[in-house]
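Enquirer: Sharing a model prediction with you, sequence too.
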Amino acid sequence: MLLTLATRCFTGRDVPGPAGTTLEAGREAVIGLPRFAIEELELRGLSVSAGMLGGWGVPDLEALRDAADKAGCPCLVLIEDEPLGFGETDVRARDAATDRLARLGAAAHRLGCSSVAIHVAGPDDERAFDRAAVAVKDAMPGLDLGEVDALGGDPGVGEHATAKLHRWWMDAKASASKDEDKAMLDEVLRGEKRAADAYQDALESNLEDNLHRLVEEQYRGVTEARREVEQLLETL
């Protein structure tokens, strides 16, 4: 069983830092949570509240991912705190939910999360359930494609996936046994395979040309990262 830290419980709170320091509530505290979780609570993953990341751009998200990678406490799931109106009768509410889900997918990708958790809002009837099912299905191809503005912050420039993976591996290898190395890489490989399958499914659907090109680019990046992981596994 894997126990994770729900970051939401630290909303608006300071976080104990290294060597008796205190990280002030806000961005600094959130980025300090991976170290705190692994060293003080012996928890090996984060369930990240999207509400704590409001206004964050790509550099902020990647700073949190870097801190999580270095601590050996990865971000596993990004949780949306507010219900999304996929089941509402108002098409504007459903469109807003689709847009928000796309932003969540982009942020989850930057954080290294393999999952996004949402609550669906709408009337309590069968028609609302059907509307929500169709709306969520239609929104899936747009997941993980937001490259400029994830949760409302500055875009920044992202690091290439394989370069980031190599840096993470060197940091992890310095503090892990051979068995732990293999376990970490196996988990990363599973995540890359799931991502590759999702991109392949999207490429086989009827996407607009500009969206198809973007998905294809992302698919190539995931495939390259997957090959890198497989090569690292061969060295063990």
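Expert: Yes, it's here. Just so we're clear, the structure is a prediction, and the values are computed from it rather than from any experiment.

Enquirer: Show me which residues of stretch 64-82 are buried.
Expert: 64-80 (16 or more other CB atoms under 10 Å). C-beta coordinates here come from the backbone N, C-alpha and C atoms, glycine included.

Enquirer: Filter the residues you listed down to just the ones in helices.
Expert: Among the buried residues of stretch 64-82, the residues falling in helices (DSSP state H) are Leu64, Arg65, Asp66, Ala67, Ala68, Asp69, Lys70, Ala71.

Enquirer: Adding distance to Asp209 and pLDDT, write these out as TSV.
Expert: Below are these laid out as TSV (distance: CB to CB, whole Å; pLDDT from 0 to 100):
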residue	distance to Asp209	pLDDT
Leu64	34	94
Arg65	31	91
Asp66	34	91
Ala67	38	92
Ala68	36	90
Asp69	35	89
Lys70	40	89
Ala71	41	89
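
Enquirer: Give the single residue among those residues positioned nearest to Ala19.
Expert: Proximity of those to Ala19 (CB to CB) peaks at Ala71, which lies at 15.3 Å.

Enquirer: correct me, but the closest one touches Pro34?
Expert: Yes. Ala71 lies in contact with Pro34 (CB atoms under 8 Å); the separation is 3.9 Å.

Enquirer: and the ones in helices among the buried residues of stretch 64-82 as TSV, adding distance to Gln231?
Expert: Output for these, formatted as TSV (distance: CB to CB, whole Å):
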residue	distance to Gln231
Leu64	27
Arg65	22
Asp66	22
Ala67	26
Ala68	23
Asp69	19
Lys70	22
Ala71	25
